[in-house]
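> Just the structure for this:
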Amino acid sequence: TFATQEESDFLFGNVINTTEIKQQHYSALITGELFDMSAGPVGAAFGIEYRENSIDSANDIVRAQGLSASESVDLEGDTVGSTWIADAYGEIELPLHDMVLLNLSGRYTEEKNFGDEATWSAKVQFSPTDYFRVRATAGTTFRAPNLREQFLAGQAGVLAGNLDPCVVPSNAVIGGVYDPTADERSARVLANCIQDGVDPTALGLQANVLIPTNTGGSDDIKAETSDSFTAGFVFSQPWTDSFDLDIGVTYFDIEVNDTVEELDSATVLTRCYNDEDNLASPFCNRITRRGVNPENNTVGRVDASFVNLGLVTSTGYDINVRYQNDFEIGNNLWDIQATLTATNYDELLEQIDDQAPVDNRVGEAGFPEWSWIARINLNTGNWGVVWRSRFVGEFALDEGDVIQSTNLSRRDPCRTLGGPTDCFDKNAGGSTLYHDLSATYQMDDWAVSLGIKNLADEHPPLIKQGSGPSRFNYVVQSTYDLYGRRAFLNLQKSF
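As a prediction, the model looks like this:
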């Protein structure tokens, strides 16, 4: 508590970041019919594209020079970079039969910093009736890292010191002395700590400090490539003309090589000392210790910048439902359309390299087993109303990946810094449901929309730092709303 508001204003303030993103896009496309087959004409399309992208993001002097007061410097550099992408592509559609349609396409892509790659796609559709069709696709993709993944400047952060596996857990400390009989760490962890210049029977007995972390873009990552297969069906109800109802279900199996991902700092520490003997885990290259005596050789920095994962395989189902109907109230004709888009993950397997263990991420923070978006549009005359709901399923860190805060009784920052006395581990969260509401009035060449996002003011789930992607203990995956309830007003004008 401060004596005056002036004292509080002097000590606390905002940092300002200004970001400018530019994109130039040039394209040319030719479409037409090449020739006729017995079941119909053969269509084709050929084109070229060229895109230039750049980012210039600057922080004010407080953030750029780390002038704020904290145990670990709050520092972020300027993010500046540019790239270009060129594509040439072709597509052909062949009506093999009245009920069978085949689509073949190919693309050649070249990116400024990541070379070139040729990709392909094949799609087939079988329509035994006009209300039921079966479809399947197979193909490959090439994705160069985006501006953020390439050029994001280093950002400083901290982790709780007890997340270092080499720190003596408090349940192995009796009267200030290390008790090996109460230490539940594995022999591999202890051996790796010793090899890294740490005494795992003494580190943290005197004090436990926060661990500095660094995240940002990387210039040594590679482009992603993938192989995919999908199969599914679409059913359109044929029994009545009074309303439209379409249902689609698609199974997907996608294998991505060299997936670009931003690592979690706590995961880097855990995997380094637990995965392999002799510090052979690739995660160990991202940990730097201070190089002092083994009893005090704490972690000086964890590099959690973007990295390529060796292999990511995802399987599951996409479900799409659309309902549309017209009805009359008084003298006004109303149109209602409701849609549901849902995704169910069966597996999401990650493996950092050929020697690393395979981790199934389904059900962890940011990777819910179920998620869906429902939308209802109601229109009459110039007016339109939209209700949108978004569901994110529950999550929990795998039991084997949970890092217990065994030092809550003595060294947890929320106590030593005068915080609450009811600190606890939280490695899981319930499902979250968001609602948005908006209304639009539209004329020939202009429209105005007014609405509220996140009507119930739902906050992201809280988790323990290190148990998932989080900031100030809030989950920060893009699936969650980080801003709370807010109103918006949009004006559009066509020229």
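> what mean pLDDT would you report for stretch 168-177?
On average, the pLDDT along stretch 168-177 is 85.
> next one: stretch 352-359
Stretch 352-359 comes out at a mean pLDDT of 76.
> With stretch 457-472 instead?
74.
> what residue ranges in the stretch 1-150 of the chain score low on pLDDT?
Regions of the stretch 1-150 of the chain meeting the criterion pLDDT under 70 cover residues 1, 64-75.
> can you map out the helices along the stretch 351-495 of the chain?
For the stretch 351-495 of the chain, helices defined by DSSP state H, counting those that start in this stretch occupy the ranges 413-416.
> residue ranges of the strands in it, please?
If DSSP state E, counting those that start in this stretch is used as the criterion, the strands of the stretch 351-495 of the chain fall at 359-360, 370-380, 383-392, 395-396, 428-429, 432-442, 446-453, 470-471, 474-475, 486-493.
> would you put the C-alpha positions of the third one in PDB?
Once side chains and other backbone atoms are set aside, the C-alpha atoms of strand 383-392 remain, and they are given as PDB (Å, rounded to 0.1, in the frame of the first residue of the first chain):
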ATOM      1  CA  TRP A 383     -31.000  -6.100 -40.300                       C
ATOM      2  CA  GLY A 384     -29.000  -9.100 -39.100                       C
ATOM      3  CA  VAL A 385     -28.200 -10.600 -35.700                       C
ATOM      4  CA  VAL A 386     -25.400 -13.100 -35.000                       C
ATOM      5  CA  TRP A 387     -25.000 -15.200 -31.900                       C
ATOM      6  CA  ARG A 388     -21.700 -17.100 -31.700                       C
ATOM      7  CA  SER A 389     -20.600 -19.600 -29.100                       C
ATOM      8  CA  ARG A 390     -17.200 -21.200 -28.800                       C
ATOM      9  CA  PHE A 391     -16.400 -24.200 -26.600                       C
ATOM     10  CA  VAL A 392     -12.900 -25.400 -25.500                       C
END
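> For that strand, which strands pair with it and how are they oriented?
Strand pairing for strand 383-392, using DSSP bridges, gives strand 370-380 (antiparallel), strand 432-442 (antiparallel).
> Run the angle between it and strand 446-453 for me.
Here strand 383-392 runs at an angle of 40 degrees relative to strand 446-453 (axes from the mean of the first three to the mean of the last three C-alpha atoms, to 10 degrees).
> Save the strands paired with strand 383-392 as TSV, and put in mean neighbour count and distance to residue 105 too.
Placement of C-beta: from N, CA and C, glycine included. Shown next, in TSV, are those (neighbours: other C-beta atoms under 10 Å; distance: least, C-beta to C-beta, whole Å):
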stretch	mean neighbour count	distance to residue 105
strand 370-380	16	28
strand 432-442	16	35
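> Need those in CSV (columns: distance to residue 8 and mean pLDDT).
CSV is the format used below for the strands paired with strand 383-392 (distance: least, C-beta to C-beta, whole Å; pLDDT from 0 to 100):
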stretch, distance to residue 8, mean pLDDT
strand 370-380, 41, 96
strand 432-442, 33, 96
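> burial count for residue 34?
12 (other C-beta atoms under 10 Å).
> ok, now the one 3 residues further on?
Burial of residue 37, expressed as a neighbour count using other C-beta under 10 Å, amounts to 12.
> shouldn't it be in contact with residue 93?
No: assessed by C-beta atoms under 8 Å, residue 37 is found out of contact with residue 93, at 10.6 Å.
> and the longest helix for this structure?
Longest helix of the chain, by residue count under DSSP state H: helix 265-275.
> Now the element after that one, going C-ward?
strand 287-289 (DSSP states H and E).
> Buried residues, the helix or strand just after that next one. List them.
Helices and strands here follow DSSP H and E; after strand 287-289, the next one along the chain is strand 299-303. By neighbour count with 16 or more other C-beta atoms under 10 Å, strand 299-303 contains the buried residues 299, 301-303.
> between strand 299-303 and helix 265-275, how many degrees?
Angle of strand 299-303 versus helix 265-275, following the same axes, to 10 degrees, is 100 degrees.
> what packs against strand 299-303?
strand 211-215, helix 265-275, strand 287-289 (3 or more C-beta pairs under 8 Å, 6 or more residues apart in numbering; DSSP states H and E).
> Dump these into a markdown table; add mean neighbour count and distance to residue 4 as well.
Converted to a markdown table, the helices and strands packed on strand 299-303 look like this (neighbours: other C-beta under 10 Å; distance: least, C-beta to C-beta, whole Å):
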| stretch | mean neighbour count | distance to residue 4 |
| --- | --- | --- |
| strand 211-215 | 21 | 34 |
| helix 265-275 | 23 | 38 |
| strand 287-289 | 17 | 43 |
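> Out of the ones you listed, the one nearest residue 199 is which?
strand 287-289 (11.9 Å; C-beta to C-beta).
> chain center to the closest one, what's the gap?
In terms of C-alpha atoms, centre = their mean, to the nearest Å, the centre of strand 287-289 is set 26 Å apart from its chain centre.
> repeat for stretch 431-441
Counting by C-alpha atoms, centre = their mean, stretch 431-441 comes out at 22 Å from the chain centroid.
> who touches residue 196 in this structure?
Residues counted as contacts of residue 196 (C-beta atoms under 8 Å, 6 or more residues apart in numbering) are 166, 273, 279, 284, 287, 289, 297.
> Closest to residue 146 out of the residues you listed?
The shortest gap between residue 146 and any of the contacts of residue 196 belongs to residue 287, at 26.7 Å (C-beta to C-beta).
> who are the neighbours in contact with the closest one?
Per C-beta under 8 Å, 6+ apart, neighbours of residue 287: 196, 268-269, 272, 299, 301-303.
> Recalculate using a threshold of 10 Å.
164, 196, 211, 265, 268-269, 272-273, 279, 281, 299-303 (C-beta atoms under 10 Å, 6 or more residues apart in numbering).
> per-residue pLDDT, residue 224?
Residue 224 carries a pLDDT score of 93 in this model.
> That one and residue 144 touch, don't they?
Yes: Residue 224 is in contact with residue 144 according to C-beta atoms under 10 Å; the separation is 7.9 Å.
> So for the two, which residues contact both of them?
114, 260.
> residues near the residue nearest to residue 217 when sequence neighbours are not counted, how many?
Spatial nearest neighbour of residue 217, chain neighbours left out: residue 152 (3.9 Å); criterion: C-beta to C-beta, 6 or more residues apart in numbering. Other residues lying near residue 152 total 22 when counted by other C-beta under 10 Å.
> Please verify my assumption that residue 152 contacts residue 219.
No: taking contacts as C-beta under 10 Å, residue 152 lies outside contact range of residue 219: 11.1 Å.
> what is in contact with those two at once?
Overlap of the contact sets of residue 152 and residue 219 (by C-beta under 10 Å, 6+ apart) consists of 81, 305-306.
> now, which of those residues sits nearest residue 313?
Among the shared contacts of residue 152 and residue 219, and counting by C-beta to C-beta, the member closest to residue 313 is residue 306, at 20.0 Å.
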